[in-house]
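J.: Got a predicted structure plus its sequence, pasted below:
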Amino acid sequence: MVPGARRSRPEPGSTAGPRTREEPRAPRPAADRIPDDATEGIAPEEYRARVERVRGAVEAAGLAGLIAFGDCWRGANVGYFTGFRPLDGVSDIASALVVLPAAGEPTLVVSEQCLGYAASVTGFPVRPFRELGAVLAPLGRRGRVGLAGSAYLPAPLRDRLGAGLGPATLEATAVLADLKAVKSPAELRLLRRAAALTDLAMATIRDVLADGRPHTERELARRADAAMLAAGAERPAYDSMVQAGPRSAWNLARPTDRVLAPGDLVMTDIGARYRGYVADGGRGFTYGPVDAERRAIVEAAASAVEAGLAAARPGLLATELNAVIQRALVESGYERYSGEARGHGTGHGTGMDPEEESPWIGPGNRTRLVEGMVFTLKATITVPEVGGLRVERIVHLTATGVEALDAFPMRLHW
C-alpha cells in the first residue's frame, strides 16, 4: 500500500476505491466545431511594439544590445519579434538570431536557404549567417551585450558570436524572458484556442475508450493528434505521450503498442500548436475498475494543483507559489514518488514554446508574479509497479487570481 491510499478503503469485495470528489464529465470541447480563423495571429504593429518594448528594457539594463537565439524546437525568443520559425534540420536551417541594438534597427539572421521565407514574414532586415560578423560589428564597439537563449545556444554559434563581437562582453540576460512571460490580448486568444484543441485531444481519447474495445497507447496518441489537426492545430506542440499501467510510472516516455487494461493508471501529456502558440496539457486517468491506491494518486495530484490555483495571485514570488503545491504533495504522503515534491519545480512559462524560461515556478526563484503572465501549474506522482500521472493546468494570471485556459477536468476515471 502506497502513501495516500491509507486514508480510506473500499467496501469488502469492491473494486471502486475510496470516495473522492468527482469532477463533472466534460462536454466535448467546442474546438472541433469552430472553423480555423485565417485572420488570427499577431499583427505587424504588435511586433513593432515588442521591438520598442525590448529596446527600452535593454537600455534600462545598461546593455548595448540584445542577441536573441531560437531554434526549431525553442523558437519563442525569435518568434517574439517575427513570424519566422526555424525549420527542423541538421544544418543552419535549424537556428536563427535576432540582433537588436539599443539604438538602431533589429536584424534577423537565418540560413541562406530560408532568406525568402524569413523576409516574407519579418518587418525588418533579414541577412544570412555568412554576414553575421557584419551584423555584429556595430555592437562590438559598445561594451555589454545581452544574450537570450544562452542555455541552449550551440557552442559553434557561441564562438561565432564571440568572434563577431570582439572586445564586447556577451552575457546571459532575462530581459526578454520576463517580457515574453506577460501575454497580450492577441496572444491570449491564440493560447485559449490551443488549450481548447488540447482539451479536444483528451475528449477524443475518452470517446475512443468508451467502445470497450482494445486500444494501444500508440493508437490513442495518434487519434488525439488527428483530432487536434482536423480541428485547426498546426501540429502537436511536442511528441504526444500516452503511458499505461506500469509504464505510467515513468515520468516521460513515448507511446508503445501496449494495450490498455482495466485497472490501469494512464498518464498523458499532449498539447496543440495553433498559429505559433502552444498548450502544454498533462492529464491522467484511471481505466475501468481500479483499486484505492490508483484513485488516491489521481486525487492527490489534482488536489495539489488546486492548492496552487487557489494561492496564485500577482505579487507572489514564484518560489512561494511552488511551496504551496510542493507542500500539498508532501502532506499527501507522496514525497518519495513526486519530483515536484522533491524540489523539481511545479510550473513553467508557456506561450510560443511549451516551456518558456519565465516564470519558472520552482524553489528559490524570486521572480515576482505579475498580472498577464501565462504559466502552467503541475503535479506528477509516479509509483513504481503501480503507475502514475501528471496533472497540469495552464493559467493566465489576472488581477485577482488565475483564469484557467484549459477546461478539461483533472479527476478522470473512465
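T.: Perfect, I can see it now. Numbering: from 1, shown residues only.

J.: What residues of stretch 373-383 count as buried?
T.: The neighbour-count check on stretch 373-383 (16 or more other CB atoms under 10 Å) flags M373, V374, F375, T376, L377, K378, A379, T380, I381, T382, V383 as buried. Yep, even glycine has a C-beta here, placed from its N, CA and C like the rest.

J.: what does stretch 334-344 give?
T.: Y334, Y337, S338, G339, E340, A341.

J.: Please compare the residues you listed by their distance to T198 and name the closest.
T.: The nearest member of the buried residues of stretch 334-344 to T198, counting by CB to CB, is E340 at 20.5 Å.

J.: Local confidence estimate at the nearest residue to V370 once chain neighbours are set aside?
T.: Sequence neighbours aside, P314 is the residue nearest to V370 in space, at 5.6 Å (criterion: CB to CB, 6 or more residues apart in numbering). On pLDDT, P314 comes in at 98.

J.: SS state for P314?
T.: coil (DSSP: H, G, I helix; E, B strand; the rest coil).

J.: Correct me if wrong: it contacts H396.
T.: No. Counting by CB atoms under 8 Å, P314 sits too far from H396 to count as a contact (11.6 Å).

J.: Between these two, point out the one with more neighbours.
T.: Neighbour tally, P314 and H396, criterion other CB atoms under 10 Å: the higher count belongs to H396, 19 against 15.

J.: quick one: D225 and M241 touch, right?
T.: No. D225 is beyond contact range of M241, at 11.3 Å (criterion: CB under 8 Å).

J.: Give me the common contacts of those two.
T.: Shared contacts of D225 and M241 (CB atoms under 8 Å, 6 or more residues apart in numbering): I270.

J.: Where does pLDDT dip in the stretch 301-414 of the chain?
T.: Nowhere does the stretch 301-414 of the chain drop to pLDDT under 70.

J.: Please, where are all the strands along it?
T.: 347-349, 356-361, 374-383, 387-397, 402-404 (DSSP state E, counting those that start in this stretch).

J.: mind putting these in a markdown table, distance to G149 included?
T.: Below are the strands of the stretch 301-414 of the chain laid out as a markdown table (distance: least, CB to CB, whole Å):
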| stretch | distance to G149 |
| --- | --- |
| strand 347-349 | 14 |
| strand 356-361 | 9 |
| strand 374-383 | 19 |
| strand 387-397 | 23 |
| strand 402-404 | 28 |
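
J.: Ok, which of these comes nearest V121?
T.: strand 356-361 (20.8 Å).

J.: ok, residues contacting the closest one?
T.: 76, 151, 174, 177-178, 180-181, 308, 318, 321-322, 325, 345-350, 365, 367, 369, 373, 375, 377.

J.: any idea which residue sits dead centre in the chain?
T.: P354 (2.5 Å; CA atoms, centre = their mean).

J.: circling back: of all the strands of the stretch 301-414 of the chain, which one is nearest L132?
T.: Here strand 356-361 is closest among these (CB to CB), at 23.7 Å.

J.: That closest one to strand 374-383, inter-axis angle?
T.: Between strand 356-361 and strand 374-383, the angle comes out at 60 degrees (axes from the mean of the first three to the mean of the last three CA atoms, to 10 degrees).
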